[in-house]
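Colleague: With the sequence up front, the predicted model follows.
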Amino acid sequence: MTKSKTDFGFKQIDSDKKQQLVKGVFDSVAKNYDLMNDLMSFGLHRIWKKFLLLDNPLRGNEKILDLAGGSGDLSILFKEKNKNVQIIHSDINEEMLKEGKKKIIDRGLLIPSVTINAENIPFSNNYFDIVTISFGLRNMTHKNKVLNEIYRCLKPGGKIVILEFSKVHSSIKKVYDFFSFNIIPKIGQIVANDSNSYQYLAESIRMHPEQEKLLKMLEDEKFENCSYKNLTGGIVAIHSGYKI
């Protein structure tokens, strides 16, 4: 029986191996994750996350699941905006989860951090008002399965919000590609003594479904009123959809 294949950066690998390989990448980058994000995006990742928050006003009693929450930025932003939201900070990677928990504690916030595989979310149907994924979907092996799981555990009227790198405008593509493949791995080598992980991260962005394709994936999983917004020339996009 032929094994199913998936991408790991520009390589094609057996699907059942991707999760462990991605784990190796994030085990390696966890301690320098925030610093590298600042260097690679010139601090723009902070603005993108704040824009996501502004684009999703809160009543204050929402149940929110922050999938692939990594170092905790989005969970912290939601909780600091409204202390009454019930947010769960989650990630499949223990090292990233630890880094996020440190920041949450340093901010004096009470946010549970839970190890969750997004392909098998351990919550009942119709539970959450909002589920977010920030810069994590592209690293997941079976994206359709993840979207299906999110749909299942959202309440009717609930919203999925995905912040992810996407297809840039043609006017900045050459500069963006040069920076991604020539500068970022070198920064990774200097700062984190790891160029290979950052080479993978650059490649994974190019393999992620572009704006219209991801929009269609959301619609195929029964989400309605789906849309996206490009930020910074399409370097990132925010996709959203509702469970009606």
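Modeller: It's in.

Colleague: K229 belongs to a strand, doesn't it?
Modeller: Yes. Under DSSP: H, G, I helix; E, B strand; the rest coil, K229 falls within a strand.

Colleague: Looking at strand pairing, list the partners for it.
Modeller: Counting by DSSP bridges, K229 is bridged to I238.

Colleague: so where is this protein shaky, pLDDT-wise?
Modeller: Counting by pLDDT under 70, the ranges of the chain that qualify are 1-2.

Colleague: how about the strands of this protein, start to end?
Modeller: Along the chain, counting by DSSP state E, strands occupy 5-8, 11-14, 63-67, 86-91, 113-115, 128-134, 154-165, 224-231, 236-242.

Colleague: In CSV: those strands, plus mean neighbour count and distance to E210.
Modeller: (Glycine included, C-beta is placed from N, CA and C.) As requested, the strands of the chain are exported to CSV (neighbours: other CB atoms under 10 Å; distance: least, CB to CB, whole Å):
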stretch, mean neighbour count, distance to E210
strand 5-8, 17, 14
strand 11-14, 12, 19
strand 63-67, 25, 21
strand 86-91, 23, 25
strand 113-115, 16, 30
strand 128-134, 24, 17
strand 154-165, 20, 10
strand 224-231, 14, 10
strand 236-242, 22, 9
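
Colleague: Which one of those strands lies nearest to K23?
Modeller: strand 86-91 (10.7 Å; CB to CB).

Colleague: Quick check: neighbours of the closest one in the sheet, parallel or antiparallel?
Modeller: Short version: by DSSP bridges, strand 86-91 pairs with strand 63-67 (parallel), strand 113-115 (parallel).

Colleague: what's the angle between it and strand 128-134?
Modeller: 30 degrees (axes from the mean of the first three to the mean of the last three CA atoms, to 10 degrees).

Colleague: Tally up the residues packed near G188, please.
Modeller: 25 (other CB atoms under 10 Å).

Colleague: which residues are in contact with the longest helix along the chain?
Modeller: If you go by DSSP state H, the chain has its longest helix at helix 15-29. Applying CB atoms under 8 Å, 6 or more residues apart in numbering, the external contacts of helix 15-29 come out as 3-6, 8, 13, 33, 36, 70, 92-93, 95-96, 139, 141-142, 188, 192, 194, 197-198, 200-201.

Colleague: Quick check: PyMOL command selecting the buried ones in these.
Modeller: Buried subset of the contacts of helix 15-29, written as a PyMOL selection, criterion 16 or more other CB atoms under 10 Å:
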select buried, resi 6+8+33+36+70+92+93+95+96+139+141+142+188+192+194+197+198+200+201
